[in-house]
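Asks: sequence first, predicted model second:
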Amino acid sequence: MAEIVSSEKPLAVNPLKISQPVGASLAFLGLAQAMPLEHGARGCTSFNKLFFMRHFQEPIALQTTAMDQIAAVIGADGNVVDALRTIAEKNAPEVIGLITTALAETQGADIPRTVKAFRERHPEHDGIAIVPVSASDTLGCLETGFAAAVEAIIAALVPASVTAVRRPRQVNVLASSMLSPADIEAIREWMEAFGLQAVVLPDIGDSLDGHMIESGFSTLTYGGTPRAAIAAMGESIATLVIGNSLARAANLLRDRTGVPDHRFASLAGVEACDAFTQTLSDIARRPVPARLERHRAQLIDAMVDCHFQIGAARIAIAADADLLEAFLRFLPGAGAQVVAAVASARARRLAELPVERVVVGDLEDLETLARVARADLLIANSHGTEITARLGIPLLRAGFPLSDVYGGHARCQVGYRGSRQVLFDIANLLAARQRAVPPYRSLYWQGTPREQEAAAAAPAGLVT
């Protein structure tokens, strides 16, 4: 059992967590022909959109009700109705995700009543699904906002009826916010190896993987889970839930459809991958394909190859709960020692993590803990770059946002092959740090000055 320690600082000095509206919007970006609509100030949505564009390097479908100081005081119901009408008329989406922010929550917006008013005034748009989500910035983090949106999508778009299995090769997948588009693509291929068809909710692997379309540009999401596929999730043979943050959404889906589910904290490392593979084999009633056995053998070989570098390595991690748990269960099996763990927001399951202490705090807390524990490597999002520069240790980028690298969203970290690549990445970062350590020179050394030493070692013609 881990000890949960909350930071006693009155404010976040170097913020780690991303707000709930960003997570909720991300979930709707995984639906086909959808438009997330944030009910709040224009600047907040612009900031969130910038986060998405820098991370995915793609145009992002995201709108706002543009509340100002007057609307915040006297009410912004008209903003919501006008925004819904404008989006419906100009874009004609299949789904609109109506997401509240801290400003709307503080103002006391009555979203169900506002949606009802829109339906009464504009019955011509009854075919468009409107999914309201409460996602205040003052609570939770990206992961909790994402989970709340997935739960709202299920409540709004999945019929509440227990039916017989009509699609014996179809399997639902509830995908956590910790999964990248490349991760979801790998999971889909994993399932296809057993002849299973995945209905991923939400499917950012199809909408935010970075691909060109014939029209060149779309004002709505292109790719993602179709509304019709969500409605048919009750006809599947099973549901696979990846990430403990989606427990409430999984409970709701099971109660509404009666489809049995199988839950996994993560898909990183041999044990987690073996459990997922065996579950797929049981569902499909097929043996494990030879290529998956080959991938497993490659992962085990990589653990042996990288043990010299990773064994006893001291690692500090900062992430949302799901991603934090994934690394905490994977890295010790490779021989690493997690000396600092920082979560962005409190969650009950943090107490069950295999580490002595989890701090609910920010990146300043991570920097302090990593310095005291003499960490060799830090795992965090791109906001950890300045910390590693000050500490003089390498950074393995993981989570959201990854804004200072190209293709961060295209890196796969799940499955046998993804886990293998993570091991290689960590080993290479640690090896590079060891090579970068300068040789020790005694105070009494009387040898050649460094300038002459460097000149002698440089190729001819390169010394000025």
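Replies: Ah, there it is.
Asks: contacting residues around Val414?
Replies: Counting by C-beta atoms under 8 Å, 6 or more residues apart in numbering, Val414 touches Leu179, Asp183, Ala186, Ile187, Ser266, Leu267, Ala268. In this view, the C-beta of every residue, glycine as well, is placed from N, C-alpha and C.
Asks: partner strands of the longest strand along the chain, with direction?
Replies: The residue-count maximum for a strand in the chain (DSSP state E) belongs to strand 167-175. In the sheet containing strand 167-175, its partner strands are strand 197-201 (parallel), strand 236-242 (parallel), by DSSP bridges.
Asks: that strand: what's the following helix or strand?
Replies: Using DSSP states H and E, the helix or strand that directly follows strand 167-175 along the chain is helix 181-192.
Asks: give me the angle between that next one and strand 167-175.
Replies: Counting by axes from the mean of the first three to the mean of the last three C-alpha atoms, to 10 degrees, helix 181-192 lies at 160 degrees to strand 167-175.
Asks: run through who's touching helix 181-192.
Replies: For helix 181-192, contacts defined as C-beta under 8 Å, 6+ apart pick out 56, 171, 173, 175, 179, 197-198, 200, 203-206, 208-210, 242, 267, 276-277, 280, 292, 409-415, 417-418.
Asks: just the buried ones from the residues you listed?
Replies: By neighbour count, with 16 or more other C-beta atoms under 10 Å, those hold 56, 171, 173, 175, 179, 198, 200, 203-206, 208-209, 242, 267, 276-277, 280, 292, 409, 411-415, 417-418 as buried.
Asks: may I have stretch 370-383 as PDB, with CA atoms only?
Replies: As requested, the backbone C-alpha atoms of stretch 370-383 are provided in PDB (Å, rounded to 0.1, in the frame of the first residue of the first chain):
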ATOM      1  CA  ALA A 370      14.100  13.700  -7.800                       C
ATOM      2  CA  ARG A 371      17.000  15.800  -6.500                       C
ATOM      3  CA  VAL A 372      16.800  14.400  -3.000                       C
ATOM      4  CA  ALA A 373      16.600  10.800  -4.300                       C
ATOM      5  CA  ARG A 374      19.400  11.400  -6.800                       C
ATOM      6  CA  ALA A 375      17.300  10.200  -9.700                       C
ATOM      7  CA  ASP A 376      19.000   9.000 -12.900                       C
ATOM      8  CA  LEU A 377      16.000   9.500 -15.200                       C
ATOM      9  CA  LEU A 378      12.800  11.500 -15.200                       C
ATOM     10  CA  ILE A 379       9.500  10.500 -16.900                       C
ATOM     11  CA  ALA A 380       7.100  13.300 -17.600                       C
ATOM     12  CA  ASN A 381       5.400  15.300 -20.300                       C
ATOM     13  CA  SER A 382       7.300  18.000 -22.200                       C
ATOM     14  CA  HIS A 383       7.000  20.400 -19.300                       C
END
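Asks: so which residues make contact with it?
Replies: Identification of contacts with stretch 370-383 by C-beta under 8 Å, 6+ apart yields 14-16, 313-319, 327, 339-340, 363, 366, 369, 384, 387-388, 391, 393-405, 408, 426, 429-430, 433.
Asks: so which of those sit within strands?
Replies: Judged by DSSP E, the subset of those located in strands is Arg314, Ile315, Ala316, Ile317, Ala318, Ala319, Val339, Ala340, Leu395, Leu396, Arg397.
Asks: buried residues, stretch 267-276. List them.
Replies: For stretch 267-276, burial by neighbour count (16+ other C-beta under 10 Å) applies to Leu267, Ala268, Gly269, Val270, Ala272, Cys273, Phe276.
Asks: between those, which sits nearest Gly258?
Replies: Using C-beta to C-beta, Phe276 comes nearest to Gly258 of the buried residues of stretch 267-276, at 22.6 Å.
Asks: pretty sure the closest one is touching Ala268, no?
Replies: No: judged on C-beta atoms under 8 Å, Phe276 makes no contact with Ala268 at a distance of 10.4 Å.
Asks: looking at the protein, which helix or strand is least sure?
Replies: Of all helical and strand segments in the chain, the minimum by mean pLDDT, DSSP states H and E falls on helix 450-457, at a mean of 55.
Asks: rewinding a little: restrict the ones in strands among the contacts of stretch 370-383 to the buried ones and give me that as a ChimeraX selection.
Replies: Buried members of the ones in strands among the contacts of stretch 370-383, defined by 16+ other C-beta under 10 Å, are picked up in ChimeraX with:
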select :314,315,316,317,318,319,339,340,395,396,397
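Asks: pLDDT and distance to Glu356 added to the ones in strands among the contacts of stretch 370-383, as a markdown table?
Replies: Converted to a markdown table, the ones in strands among the contacts of stretch 370-383 look like this (pLDDT from 0 to 100; distance: C-beta to C-beta, whole Å):
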| residue | pLDDT | distance to Glu356 |
| --- | --- | --- |
| Arg314 | 96 | 14 |
| Ile315 | 97 | 14 |
| Ala316 | 98 | 13 |
| Ile317 | 98 | 13 |
| Ala318 | 97 | 16 |
| Ala319 | 97 | 17 |
| Val339 | 96 | 9 |
| Ala340 | 97 | 10 |
| Leu395 | 97 | 23 |
| Leu396 | 97 | 21 |
| Arg397 | 96 | 25 |
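Asks: and of the ones in strands among the contacts of stretch 370-383, the nearest to Ala61?
Replies: Ala61 has its nearest neighbour among the ones in strands among the contacts of stretch 370-383 in Arg397, at 25.4 Å by C-beta to C-beta.
Asks: that closest one and Asp425, how far apart?
Replies: Relative to Asp425, Arg397 is positioned 9 Å away (C-beta to C-beta, to the nearest Å).
Asks: now Ala76
Replies: Ala76 is 46 Å from Asp425, where distance means C-beta to C-beta.
Asks: so for these two, which sits in the more crowded spot?
Replies: Taking neighbours as other C-beta atoms under 10 Å, Ala76 and Asp425 compare with Ala76 leading, 24 against 17.
Asks: which of the ones in strands among the contacts of stretch 370-383 sits closest to Ala147?
Replies: Closest to Ala147, out of all of those and judged by C-beta to C-beta, is Ala319, at 15.1 Å.
Asks: quick one: contacts for the closest residue to the closest one other than its chain neighbours?
Replies: The spatial neighbour of Ala319 that comes closest, neighbours along the chain excluded (C-beta to C-beta, 6 or more residues apart in numbering), is Gly399 at 5.0 Å. Gly399 is in contact with Met178, Ala319, Asp320, Leu323, Ala380, Asn381, counting by C-beta under 8 Å, 6+ apart.
Asks: from those residues, which single one is nearest Asp137?
Replies: Among those, and counting by C-beta to C-beta, the member closest to Asp137 is Asp320, at 15.3 Å.
Asks: just the element for the nearest residue to that closest one once chain neighbours are set aside, please.
Replies: Excluding its sequence neighbours, the residue lying closest to Asp320 (C-beta to C-beta, 6+ apart) is Glu143, at 3.9 Å. Assessed by DSSP H and E, Glu143 sits inside helix 142-157.
Asks: that older thread, any chance of the strands paired with strand 167-175 in CSV, with mean pLDDT and distance to Gln107 too?
Replies: Converted to CSV, the strands paired with strand 167-175 look like this (pLDDT from 0 to 100; distance: least, C-beta to C-beta, whole Å):
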stretch, mean pLDDT, distance to Gln107
strand 197-201, 97, 31
strand 236-242, 97, 35
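Asks: closest one to Ser215 among those?
Replies: Nearest of the strands paired with strand 167-175 to Ser215, taken as C-beta to C-beta: strand 197-201 at 23.6 Å.
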